[in-house]
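Student: No letters, just coordinates:
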């Protein structure tokens, strides 16, 4: 009997060891589910929760011209025609609200950018944070998913709406980029430890497009290098010392 229990215990330990190895393998750069060429769905930590009374209006689409049906939501919530749409993004003193409640935020955008409209159906100003690591998963096959690698802070006035062009980084090198015919789902925060290490290192770094209005070439050079680092995680063998040194060289806010 003791021998049987011993064998069962050994088998259970081997099973746990096998599971641990599989989890570790899933976190190996170039072998993360849903990223790069690895099959599966991107693993995330829960859902993104918006403040009470704040909703995403309609589908999240590949970036296109400014459109919104926010007025329909505002009216249905009791806004009426006497409430103007409006709002703005706020990222410290460097950023002013966009015209007609529209603004551009995020870092990246070479391959993936999305348009989304956020509506505040309450009478109170609301503050929204989209955390670093947010995954925007394309709902059509063969296209790149996107990730937000630095948190975004947004203010929306009462009964206001803001249309945001959100720049993202591509998670699937070699697939097609975003366009206005595509829809995306805001899945949650990527649970990949490798991607989490990258977003942590980028906290407080000057990478958001709002800081490069007068220096677009500098912005393009920056995001080109950062995209390579994202691909190093998703498609290759991880970020090397040169890549981490590059991140350290990015100016702080």
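Tutor: It's in. None of these values were measured; they are calculated from a predicted model. Residues are numbered from 1 along each chain as shown.

Student: residue boundaries of the helices in the protein?
Tutor: 2-26, 70-76, 193-201, 216-234, 241-249 (DSSP state H).

Student: Do me a favour and average the pLDDT over the second one.
Tutor: Model confidence over helix 70-76, given as mean pLDDT, is 45.

Student: And the first one, by the same measure?
Tutor: Predicted confidence along helix 2-26 averages 46 (mean pLDDT).

Student: Tell me where the stretch 51-200 of the chain has strands.
Tutor: 54-62, 88-89, 102-106, 112-120, 126-130, 134-138, 146-147, 152-156, 161-170, 183-190 (DSSP state E, counting those that start in this stretch).

Student: Which one of the ones you listed lies nearest to residue 253?
Tutor: Closest of the strands of the stretch 51-200 of the chain to residue 253 is strand 152-156, at 11.8 Å (criterion: C-beta to C-beta). C-beta: built from backbone N, CA, C; applies to glycine.

Student: Neighbouring strands - and their directions - for the closest one?
Tutor: For strand 152-156, the paired strands and their directions (DSSP bridges) read strand 88-89 (antiparallel), strand 126-130 (antiparallel).

Student: and residue 62, bridged to which residues?
Tutor: residue 114.

Student: Relative to residue 111, how far out is it?
Tutor: Note on residue 62: its distance to residue 111, by C-beta to C-beta, to the nearest Å, is 11 Å.

Student: Where among the strands of the stretch 51-200 of the chain is average confidence lowest?
Tutor: Looking at those, the bottom one is strand 88-89 with a mean of 52.

Student: And for residue 44, nearest residue in space, chain neighbours not counted?
Tutor: Excluding the flanking residues, the one nearest residue 44 by C-beta to C-beta, 6 or more residues apart in numbering is residue 188, at 3.3 Å.

Student: one step back: can I get the strands of the stretch 51-200 of the chain in TSV with distance to residue 219 and mean neighbour count?
Tutor: Written out in TSV, the entries for the strands of the stretch 51-200 of the chain read as follows (distance: least, C-beta to C-beta, whole Å; neighbours: other C-beta atoms under 10 Å):
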stretch	distance to residue 219	mean neighbour count
strand 54-62	20	18
strand 88-89	17	21
strand 102-106	11	22
strand 112-120	13	26
strand 126-130	20	17
strand 134-138	20	24
strand 146-147	17	30
strand 152-156	16	20
strand 161-170	10	25
strand 183-190	23	20
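
Student: Now render those as CSV, adding distance to residue 27.
Tutor: Rendered in CSV, the data for the strands of the stretch 51-200 of the chain read as follows (distance: least, C-beta to C-beta, whole Å):
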stretch, distance to residue 27
strand 54-62, 27
strand 88-89, 33
strand 102-106, 25
strand 112-120, 23
strand 126-130, 24
strand 134-138, 15
strand 146-147, 16
strand 152-156, 26
strand 161-170, 19
strand 183-190, 11
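
Student: Nearest to residue 252 among those strands would be which one?
Tutor: Of all the strands of the stretch 51-200 of the chain, strand 152-156 comes closest under C-beta to C-beta, at 16.5 Å.

Student: what distance separates that closest one from the middle of the whole chain?
Tutor: 14 Å (C-alpha atoms, centre = their mean, to the nearest Å).
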